[in-house]
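> using only what follows, build the 3D model:
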Amino acid sequence: MPKFVNMDLYQQYKEKVWRLTNARQRLEPGTPHRGLTDHEIAAKLGLTLEDVIEIRCIAENEMIPLEAYLDADKIKQDRFKKQ
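Predicted structure coming up:
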């Protein structure tokens, strides 16, 4: 069952979690980024795993533009053409 994260906690940690997460690696082609797992982020920031998962999921919805989902096939094809 998902845990609801306190919005103050979310605001305090969303940038840190976003910077550390694996979710970003596909948004920046050509830039190496081995993000951390949720477990690793929780240990690094002193949060519970559940808090990190909720913060990451909300941050993904907030920070990844809708077009990235709607145009995912085209974005992937264009990325592979450039290589």
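
> centre of the chain to the helix or strand hosting residue 42, how far?
For residue 42, the host element (DSSP states H and E) is helix 38-45. Distance of helix 38-45 from its chain centroid, counting by CA atoms, centre = their mean, to the nearest Å, is 13 Å.

> whichever helix or strand comes after it: how far from the chain's middle?
Per DSSP H and E, the first helix or strand lying C-terminal to helix 38-45 is helix 49-63. Centroid displacement of helix 49-63 relative to its chain, using CA atoms, centre = their mean, is 7 Å.

> I'd like to know which elements helix 49-63 is packed against.
The contact analysis (3 or more CB pairs under 8 Å, 6 or more residues apart in numbering; DSSP states H and E) places helix 49-63 against helix 7-20, helix 38-45. Using the backbone N, CA and C atoms, a C-beta is placed for each residue, glycine as well.

> tell me which of the ones you listed lies nearest to residue 74.
Nearest of the helices and strands packed on helix 49-63 to residue 74, taken as CB to CB: helix 7-20 at 24.3 Å.

> what comes up buried for the closest one?
10, 13-14, 16-18, 20 (16 or more other CB atoms under 10 Å).

> kindly report the same for stretch 59-67.
For stretch 59-67, by 16+ other CB under 10 Å, it's residue 59.

> rewinding a little: what helices or strands is the helix holding residue 42 leaning on?
Applying 3+ CB pairs under 8 Å, 6+ apart, we find helix 38-45 packed against helix 7-20, helix 49-63.

> coming back round to it: in CSV: the helices and strands packed on helix 49-63, plus distance to residue 71.
As requested, the helices and strands packed on helix 49-63 are arranged in CSV below (distance: least, CB to CB, whole Å):
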stretch, distance to residue 71
helix 7-20, 21
helix 38-45, 27
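
> returning to what we had before: out of the buried residues of helix 7-20, which is nearest to residue 60?
Closest approach between the buried residues of helix 7-20 and residue 60, by CB to CB: residue 18, at 8.2 Å.
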